[in-house]
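> heads up, no residue letters with this:
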């Protein structure tokens with residue numbers, strides 16, 4: 001569970017440069033963005049004009065009633081009030097049209113921006129995915145998968161949402177604020193000044209309470225991440241927790257974290273909920289002040305009733321843009337932080353694609369693979385492989401043995417060019433591997449690893465992954481070679497059985513056989529085998545051993561050996577310890593030597609026979 005994504009509210013490090021870079025992604029559709037902005041502007045202006053027009057209807061009704069009242073006072077008998085209903089009908093039609101057009105324009109603007117924002121995120125995702133193929137393996141070794149997934153999903157969604165709505169909202173908020181002010185001044189500058197008292201109050205609330213709520217929400221998210229991690233860990237290892245009688249400890253641990261969450265959550269909720277009553281109070285205070293002073297001015301005949309009605313509506317709308325901009329400021333900060341996380345990956349150094357100009361080794365016959373004075377270190381001052389020489393002749397097996405962490409995987413990483421040698425050369429058929437592209441080099445190699453990587457899909461497709469151009473018959477033949485055909489045909493759907501996420505609908509050993517079938521189908525010249533067959537039943541283990549031996553026939557193989565009994569026949573055995581080769585030879589010569597290998601072999605052999 002990678003929950004570091006939740007820690008603290010992420011703030012953008014370089015806000016403006018990152019904003020400009022994100023906006024550059026909008027460049028191909030700038031005409032659409034300007035169009036959407038104009039639509040939003042028109043929509044806002046139309047909806048702002050409506051209250052003022054509607055106020056005229058109120059004034060017309062009020063004037064009619066007052067006129068009728070005067071006439072009645074003079075003793076005239078009225079059958080109906082002298083109200084100009086035609087004018088009111090005209091006004092009603094205008095108001096309906098204003099709101100209708102405002103709504104339509106707003107809808108079109110949203111359609112345009114949704115389309116554009118999804119295109120931008122499509123391009124961003126495509127760029128990120130393409131970049132992932134160009135970064136070295138070291139990048140994946142130093143970045144947790146959860147973090148990369150979070151960038152590809154959560155951060156992209158943040159950007160999509162902001163581009164879709166927040167950009168235009170910023171614009172409409174500004175226009176609403178200015179528009180409302182202008183219209184309020186056009187009605188009465190005195191009342192506008194009364195309404196403006198609320199602005200500093202609103203700004204205070206937004207400036208102090210909102211950031212506090214934001215900080216508390218971040219804490220809530222962080223603690224929620226801890227809970228998730230703890231729950232996931234406990235559920236995944238529930239058998240271990242029970243075996244060692246740690247249920248109570250785990251409950252205590254969870255109760256503590258849960259209490260932290262409760263503390264953080266109620267505070268966050270309290271302060272975020274507090275914003276609205278405070279804003280409502282300020283708004284109501286402004287509304288009431290305007291209503292009282294407006295009523296006094298109307299009595300003195302300085303303002304019409306309809307204008308007061310319009311003014312009160314504007315007073316209501318007035319503080320909205322302030323709150324909106326405060327919320328948007330937070331959203332945009334987080335979005336630019338998300339964009340920076342994506343740009344950080346896009347700016348990672350890439351693998352060099354320059355081909356080394358190294359003359360081909362001519363003397364014949366060339367070994368299939370040769371390590372020639374190879375030096376390598378993951379960290380600068382900690383050399384892992386020093387002056388490593390090895391020849392692997394065509395069709396022979398090289399076994400790499402040694403304790404955990406001895407550097408067995410490093411040799412595989414260098415052979416596959418997941419990492420580059422610091423000095424020296426690795427030759428394939430006399431050609432330096434750096435003088436060919438990585439895909440060219442890897443087309444000669446197939447791997448069967450202890451971690452059986454199978455994807456969601458049919459067994460048939462998983463085997464065919466070894467060579468996409470293979471025919472159906474070749475897929476079946478590869479499965480037969482790997483002793484997998486028998487168990488596959490016994491499954492209800494045979495080769496069309498869909499493997500689930502963890503491929504748990506087949507056993508660990510059967511998964512291993514499928515990866516061996518995949519290697520048979522790839523039909524490589526060079527094989528890399530990680531032959532750990534732990535947690536496999538004896539019958540399947542025998543099948544795996546036989547399939548592996550069959551696969552190694554007439555191929556140059558590198559076997560990362562865990563059980564030394566399985567590599568007695570290897571022509572070359574390299575013994576690694578602390579990243580250095582301490583012994584080389586075949587089984588018999590190394591046993592005679594009575595060194596590190598002999599000790600390892602004897603300890604395993606005795607252990608197996610107790």
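Received, thanks. Fair warning: this is a prediction, and the values are worked out from it, not measured in the lab. Numbering: from 1, shown residues only.
> all contacts plus neighbour counts: C-alpha atoms, from now on.
Noted.
> Help me confirm that residue 372 comes into contact with residue 388.
Yes. Counting by C-alpha atoms under 8 Å, residue 388 is a contact partner of residue 372 at 6.6 Å.
> buried set for stretch 175-190?
Buried residues in stretch 175-190, counted by 16 or more other C-alpha atoms under 10 Å: 175, 176, 177, 179, 180, 181, 183, 184, 187, 188.
> Next up, phi/psi of the fourth one, please.
Yep, that's residue 179 we're talking about. phi -60, psi -50 (degrees, to the nearest 10).
> Flag the shaky bits of the protein, pLDDT-wise.
1-11, 78-80, 362, 405-406, 501-504, 531-535, 579, 605-610 (pLDDT under 70).
> Could I get the buried residues of stretch 175-190 in a markdown table, plus columns for distance to residue 482 and secondary structure?
Shown next, in a markdown table, are those (distance: C-alpha to C-alpha, whole Å; DSSP: H, G, I helix; E, B strand; the rest coil):
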| residue | distance to residue 482 | secondary structure |
| --- | --- | --- |
| 175 | 70 | helix |
| 176 | 71 | helix |
| 177 | 73 | helix |
| 179 | 76 | helix |
| 180 | 77 | helix |
| 181 | 79 | helix |
| 183 | 81 | helix |
| 184 | 83 | helix |
| 187 | 87 | helix |
| 188 | 89 | coil |
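> and the residues you listed, which two are the farthest apart?
175 and 188 (19.8 Å; C-alpha to C-alpha).
> next one: stretch 455-462 to chain centre, how far?
Counting by C-alpha atoms, centre = their mean, to the nearest Å, stretch 455-462 is centred 25 Å from the centre of its parent chain.
> what sits up against it?
454, 475, 495, 496, 497, 498, 499, 500, 501, 503, 514, 518 (C-alpha atoms under 8 Å, 6 or more residues apart in numbering).
> buried subset of the residues you listed?
454, 475, 495, 497, 498, 499, 503, 514, 518.
> What ranges does the stretch 501-610 of the chain have for its strands?
526-530, 556-560, 572-577, 580-585 (DSSP state E, counting those that start in this stretch).
> Strands of the stretch 201-350 of the chain, start to end?
Under DSSP E, counting those that start in this stretch, the stretch 201-350 of the chain gives no strands.
> Please parse this protein into its domains.
4-346, 453-523 (automatic domain parsing).
> distance between the first one and the chain's centre?
Going back to what we said before, that points to domain 4-346. Worked out by C-alpha atoms, centre = their mean, domain 4-346 lies 25 Å from the chain centre.
> For residue 192, give me its contacts.
Per C-alpha under 8 Å, 6+ apart, neighbours of residue 192: 181, 184, 185.
> Pick the one among those residues closest to residue 444.
Using C-alpha to C-alpha, the contacts of residue 192 come closest to residue 444 at residue 181, 73.2 Å.
> For residue 225, state which of the contacts of residue 192 is nearest.
Distance to residue 225 across these (C-alpha to C-alpha) is lowest for residue 181, with 44.7 Å.
> doesn't residue 335 make contact with residue 158?
Yes. Residue 158 lies in contact with residue 335 (C-alpha under 8 Å); the separation is 5.6 Å.
> of the two, who's got more company?
residue 335 (26 against 21; other C-alpha atoms under 10 Å).
> list the contacts for the more buried one?
Residue 335 neighbours (C-alpha under 8 Å, 6+ apart): 155, 158, 159, 162.
> got a markdown table for those residues, with distance to residue 12 and secondary structure too?
Listed next are the contacts of residue 335 as a markdown table, based on distance: C-alpha to C-alpha, whole Å; three-state DSSP:
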| residue | distance to residue 12 | secondary structure |
| --- | --- | --- |
| 155 | 13 | helix |
| 158 | 13 | helix |
| 159 | 13 | helix |
| 162 | 15 | helix |
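> Setting aside sequence neighbours, what's the nearest residue to residue 356?
residue 435 (4.5 Å; C-alpha to C-alpha, 6 or more residues apart in numbering).
> quick revisit: now for the contacts of stretch 455-462: which two are most distant?
Going by C-alpha to C-alpha, the two entries of these that are most distant from one another are 475 and 501, at 22.1 Å.
> Surely residue 12 forms part of a strand?
No. With DSSP: H, G, I helix; E, B strand; the rest coil as the criterion, residue 12 is assigned coil and is not in a strand.
> So it sits against residue 332, correct?
No. Contact criterion C-alpha under 8 Å: residue 12 and residue 332 do not qualify, at 9.4 Å.
> quick one: which of those two has more around it?
More crowded of residue 12 and residue 332, by other C-alpha under 10 Å: residue 332, with 22 against 19.
> Can you name the residues that contact the more buried one?
Here residue 332 is in contact with 162, 166 (C-alpha under 8 Å, 6+ apart).
> same thing but 7 Å
By C-alpha atoms under 7 Å, 6 or more residues apart in numbering, the contact list for residue 332 reads residue 162.
> Same check on residue 308?
residue 294.
> If we use 8 Å, what do you get?
Residue 308 neighbours (C-alpha under 8 Å, 6+ apart): 55, 291, 294, 295.
> doesn't residue 481 make contact with residue 520?
Yes. The pair residue 520 / residue 481 is scored as a contact, 7.3 Å apart, by C-alpha under 8 Å.
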